[in-house]
Each structure stands twice: as structure tokens, then as C-alpha cells.
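**Q** could you look at this predicted model? Sequence included:
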Amino acid sequence: MLQRIKLQGFNPDLRWKMQVAQTDRFILSDDEPDDYNRLDVGLSPLLPIALDFISQYDRIDSIDRLLNTMPIEQYSPYCSGLDTHCMVGLISAKLSNNADYENVKRMYQRIVKKEDFTNEMKSSFSRIVAYLEQI
């Protein structure tokens, strides 16, 4: 997936196409020891791409820019879902002293309120907001 995003760029259809084709995941089974060998062989060529990508985001302020540059992507390839994006985006904005933190916080609060997230996620998000207000 990283290789395809790097070559062709990310678009919302890519996620769904790869999901349908089941090329967006690795399924490992303890019953199949060869799965781990195939995974290693399959991931080895991607390692330089992954390391290049990760090296670009080795500081909190770079993660803040990645996630909080407007307009934000609803289906960001950098998070496992919009719920994760809201949490990590908010935390990175606070910890990097983003000058627009209050607007970022309000934006994520609106998203969390509007989206069909679990009650547990909404509660966790509210606790994160409260905690960040204390620091």
C-alpha cells in the first residue's frame, strides 16, 4: 500500500479498492509458519520506502503538520481511521504548540460529535481534551 501511495498518490478510492481486493492487510496465522516468511519477503522491498516515510515524521511538529494542515483528509492514509486521526491530530497540535490549537480542537470536537463513532471512543476523546487542557 505504501508503495502504491508513493507512486500514484493517495485518493479515497484507493483504500476501498485495496480493501475489497484484500491487498491492504497481512493475515497471519499460527497454523501457517510460512506466513511469517512470506511476510518478511513481501515487506523487505518496502522497508526503504517505509523508513524514508517515517524519517520525514520523526518530530511531533511534523506529525502536527501532516494531520492538521487544512483541509484535513477524512480518509487519511496515515491513520487507521478518522477516530484515530482526531485523537492523534489533537494531541500533536497541543504538544507542538500549534498556534491554531483552539480551532483544531473545535474542529475535531465537531467531527467526533457528528460521526458515528462508538461511545467508548467519544468518551476517550473527551478525556483526552480534558487532560490536554490541564497541561
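**A** Perfect, I can see it now.
**Q** longest helix of the chain, counting residues only.
**A** Looking across the chain with DSSP state H, the single longest helix is helix 119-134.
**Q** so what touches that helix?
**A** Residues outside helix 119-134 that contact it (Cβ atoms under 8 Å, 6 or more residues apart in numbering) are Asp83, Cys86, Met87, Leu90, Ile91, Lys94, Lys105, Tyr108, Gln109, Val112, Lys113, Phe117. (Each C-beta comes from the backbone N, C-alpha and C, glycine too.)
**Q** domains for the chain, by residue range?
**A** According to automatic domain parsing, the chain comprises the domains 2-56, 60-134.
**Q** worst average pLDDT in those domains?
**A** Sorting those by mean pLDDT places domain 2-56 lowest, at a mean of 65.
**Q** in helices, which of the contacts of helix 119-134 appear?
**A** Cross-referencing the contacts of helix 119-134 against helices under DSSP H gives Asp83, Cys86, Met87, Leu90, Ile91, Lys94, Lys105, Tyr108, Gln109, Val112, Lys113.
**Q** would you list the buried entries among these?
**A** Neighbour counting with 16 or more other Cβ atoms under 10 Å marks Asp83, Cys86, Met87, Leu90, Ile91, Lys94, Lys105, Tyr108, Val112 as buried within the ones in helices among the contacts of helix 119-134.
**Q** check contacts around the third one.
**A** Residues touching Met87, when contacts are defined by Cβ under 8 Å, 6+ apart, comprise Ser124, Phe125, Ile128.
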